[in-house]
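*Asks:* Output the structure for:
(4 chains)
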Amino acid sequence: MKKAKLHNGGNIPKSSTGSRSDPRLSNPGKCVGVSKLPEISCTKPKIPSGNSTTASPSGDNFFLRGVIISIIPERVPKARVDLLRKRIGERGGGIVTFHPQGALDETVTHYVVDDSVDAEEALRVFLMKQPDLEALSETLSNVQCLPCKWISGSLMSRTRLDEGGFFLHRQLLDLITRKMTASRKLDCTPPKSAFALFSLAVLATPFACTPKSEPSSMLSVNAGTGGDGSGIKRKWESIAEHASSGYEDSGGAESSDSDEEDSDVDEEFLARVQPGHMPFAAKFVCSYPSSSGRKNVNGHITDQLEKLQNTYKSTGQDFRAMAYGKAIGTVRNAPRITKIEDIKGLRGIGSGIKSKIIEILETGACEKVAAYCMDNEMNKAIELFCGIHGVSSKTALKWASSNLRTLEELPEKVRLNRVQQIGLKHYHDFLERIPRSEVVEIESTVKEAALRLQDGLELITCGSYRRGKPTCGDVDILVTHPDGKSHRNIFAPLLDSLRSSGFITDDLLVADEGSQKKFLGVCLLPNPGAKHRRLDIIVVPYSEFGCALLYFTGSAHFNRSMRSLAHKANMALSHHSLNKNAVRVGKKKVSDGEPLPGMITEKAIFDYLGLKYLEPADRDH
DNA sequence: CAGTAG
DNA sequence: GGGCCTTACTG
DNA sequence: GCCC
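*Replies:* All right, here's what the predicted structure looks like:
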């Protein structure tokens, strides 16, 4: 048996290099990963006249060379425009003034609009200059239309940020395509494109920031039941439901009225809508419910794939293992697969896994499994060692390579760190699943001790328990206090209390600094024959409750998906916060962005990302 | 920094 | 050809 | 191994 949890351990980060900047725009200055946010000096610059050049992270002070920018001044404060013009010039870029009327300037390579401008509004502006959609489409396909944060981020990082990371341009082109399609066939309803979904989902986004109005209704969140949320029915809600239902690739199956004029939509409302979320929602598992509860009718297939996944994981091929994980999730979620057509269009299944599935369908087995997941001594030892908490592929391989084969010989022949010693001590207990009934007992024990210390504390058991699984690998208990401060002084006393009663038997990790405090350790119920169980206790400030709850409820795969989605929308999601205006270059973060206030319920986060709320049980991907 | 974890 | 989630601890 |  292996650890069920997905993690990304041992992946050596690839050195992040260049950009995928538009090849049409000649740009000799390469985008280079920026390791640190360079401070932007106000007194700085002036163009160095040939002699000494100040160093920059990119090694190129003129990273905007070849770029001709036109700032569309609508909504951008004049002072800001002037400042940007100056800075752009200092970095080798050209600037042309944007005149609302008159033809489009053909020398322009980049149009920059205010961050709050969405595709609709940008289109309106462009249409004033070029009323012909077809011609406009042609023109815009040769340039970039980007939010202001692209240029400010570029200037800040002294690197030309990858245009591909900003979606406005794609949305704009998509919008134009839609309009063209719509005007061509006036008589029928437009097809439901990915972008149509996007519009709907975005409109459905209340963009809450209505936190204070949220009473402690969320406190009804409780073990097992899950589901917070304001319960306020909005007129968009039904639309949103419509928009993000079912599988991906269901596009075209049904039509919607997405294309109707939204002139009745409040401008200010639109302005709050962040461009850039949902066109890709279908590609993320967090946008639709898992098949929780339903039986996996493709077990014969997932069994084989899981063997490969495990082997890849224990040999350190984590990304490959992860790819199998995604495919397994898709197959498990799908209706019974009996023929090739059944896997057509399923996400995460490419040529490699597809051929294996076909083989399983035809022969009932997969050669690769027999050949690669060999039951030899080495593999068995690696698998055995990977079962130790604190040991993963690297260490397991190292030990197995030096001819170690059993748990017993480990303490004498290798140096175990503290965590591994505890992991070894409870090796067999930790591999046992925990029945829900026992999770409840553990929860009660912790809850009782906590409430003795402080009234009004909220304790919620997350993890697979909250997702409704019949058994759990560990117990994750999240602790907070609605008054925003009474969570502060309970962490250490709570642990002391639980230790002194003999409930907590080991500490794997105690982190008492930072806004969130966490204990990862081991507990034991005072029952005959009780097993040692993995227990995590996390204390968080109320302001971070939503993000923490979301995170510790998982699943791991679901979390990754949601974070990817946020990332694509120029946001950043962590167990602390959902940030907007997060700027990244490749995988590197240039700016954290700003945490959004009010994300104290899970629903607020789903809403802000334009996703339909999913119950914990539906996040079991 | 690599390794492991949530 | 590169990203594939993100933050945090240990040694 | 998948996807862009």
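
*Asks:* where exactly do the strands run in the stretch 51-200 of chain A?
*Replies:* Using DSSP state E, counting those that start in this stretch, the strands of the stretch 51-200 of chain A run over residues A:68-71, A:94-97, A:110-113, A:144-147.

*Asks:* what do you get for the stretch 351-500 of chain A?
*Replies:* Going by DSSP E, counting those that start in this stretch, the stretch 351-500 of chain A shows strands at A:434-435, A:458-461, A:471-472, A:475-480.

*Asks:* one step back: make JSON lines from the strands of the stretch 51-200 of chain A and add distance to A:I442 to it.
*Replies:* To be clear about C-beta, it is placed using only N, CA and C from the backbone, and glycine gets the same treatment. Below are those laid out as JSON lines (distance: least, C-beta to C-beta, whole Å):
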{"stretch": "strand A:68-71", "distance to A:I442": "59"}
{"stretch": "strand A:94-97", "distance to A:I442": "63"}
{"stretch": "strand A:110-113", "distance to A:I442": "53"}
{"stretch": "strand A:144-147", "distance to A:I442": "48"}
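
*Asks:* follow-up on the earlier one: got CSV for the strands of the stretch 351-500 of chain A, with distance to A:R160, mean neighbour count and mean pLDDT too?
*Replies:* Listed next are the strands of the stretch 351-500 of chain A as CSV, based on distance: least, C-beta to C-beta, whole Å; neighbours: other C-beta atoms under 10 Å; pLDDT from 0 to 100:
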stretch, distance to A:R160, mean neighbour count, mean pLDDT
strand A:434-435, 52, 17, 98
strand A:458-461, 45, 23, 98
strand A:471-472, 48, 18, 98
strand A:475-480, 42, 25, 98
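
*Asks:* so which of those strands comes closest to A:D162?
*Replies:* strand A:475-480 (36.4 Å; C-beta to C-beta).

*Asks:* distance of the nearest residue to A:T315 once chain neighbours are set aside from DNA strand D?
*Replies:* The shortest distance from A:T315 to any non-neighbouring residue, by C-beta to C-beta, 6 or more residues apart in numbering, is to A:S393 (6.3 Å). Distance of A:S393 to DNA strand D, given as C-beta to the nearest atom of the strand, to the nearest Å: 15 Å.

*Asks:* Surely A:S393 and A:Y312 touch.
*Replies:* No: with contact taken as C-beta atoms under 8 Å, A:S393 and A:Y312 are classed as non-touching, separated by 9.4 Å.

*Asks:* what's the helix or strand encompassing A:E306 packed up against?
*Replies:* Secondary structure assignment for A:E306, by DSSP states H and E: helix A:299-314. With contacts taken as 3 or more C-beta pairs under 8 Å, 6 or more residues apart in numbering; DSSP states H and E, helix A:299-314 sits against helix A:318-333, helix A:351-363, helix A:367-372, helix A:377-386, helix A:393-401.

*Asks:* before we move on, the earlier item: which one of the strands of the stretch 51-200 of chain A is the most hemmed in?
*Replies:* Mean neighbour count (mean count of other C-beta atoms under 10 Å) peaks for strand A:110-113 among these, with a mean of 26.

*Asks:* per-residue confidence averaged over it?
*Replies:* Mean per-residue pLDDT for strand A:110-113: 88.

*Asks:* what lines up beside that strand in the sheet?
*Replies:* strand A:68-71 (parallel), strand A:144-147 (parallel) (DSSP bridges).

*Asks:* Which residues of the stretch 251-400 of chain A lie near DNA strand C?
*Replies:* A:F319, A:M322, A:A323 (C-beta under 7 Å from any atom of the strand).

*Asks:* pretty sure the last one contacts A:G348?
*Replies:* Yes: with contacts defined as C-beta under 8 Å, A:A323 counts as touching A:G348 at a distance of 7.0 Å.

*Asks:* surely A:S137 meets A:L173?
*Replies:* Yes: contact status for A:S137 versus A:L173: in contact at 6.8 Å, counting by C-beta under 8 Å.

*Asks:* what's around the closest residue to A:I422 other than its chain neighbours, how many residues?
*Replies:* Among residues not flanking A:I422 along the chain, A:D506 sits closest, at 4.8 Å (C-beta to C-beta, 6+ apart). By the criterion of other C-beta atoms under 10 Å, A:D506 has 20 neighbours.

*Asks:* what kind of secondary structure is A:D506 in?
*Replies:* strand (DSSP: H, G, I helix; E, B strand; the rest coil).

*Asks:* what residues are up against it?
*Replies:* When contacts are counted by C-beta atoms under 8 Å, 6 or more residues apart in numbering, A:D506 touches A:I422, A:K425, A:H426, A:G521, A:V522, A:H532.

*Asks:* restrict these to those near DNA strand D?
*Replies:* Applying C-beta under 7 Å from any atom of the strand to the contacts of A:D506, none is adjacent to DNA strand D.

*Asks:* Among the residues you listed, which lie within helices?
*Replies:* A:I422, A:K425 (DSSP state H).

*Asks:* Identify the farthest-apart pair in the contacts of A:D506.
*Replies:* Longest span within the contacts of A:D506, C-beta to C-beta: A:K425 and A:G521, 12.5 Å.

*Asks:* Of these two, give the one with the bigger neighbour count.
*Replies:* A:G521 (22 against 17).

*Asks:* Name whatever forms a beta bridge with that one.
*Replies:* Assigned bridge partners for A:G521, using DSSP bridges, are A:D507, A:L535.

*Asks:* you'd agree it is up against A:L535?
*Replies:* Yes: assessed by C-beta under 8 Å, A:G521 is found in contact with A:L535 at 5.8 Å.

*Asks:* what touches both of the two?
*Replies:* A:I504.

*Asks:* Please identify the helix or strand for A:P526.
*Replies:* Judged by DSSP H and E, A:P526 forms part of no helix or strand.

*Asks:* and the nearest residue to it once chain neighbours are set aside, helix, strand or coil?
*Replies:* The shortest distance from A:P526 to any non-neighbouring residue, by C-beta to C-beta, 6+ apart, is to A:G502 (7.1 Å). At A:G502, secondary structure determined by three-state DSSP is coil.
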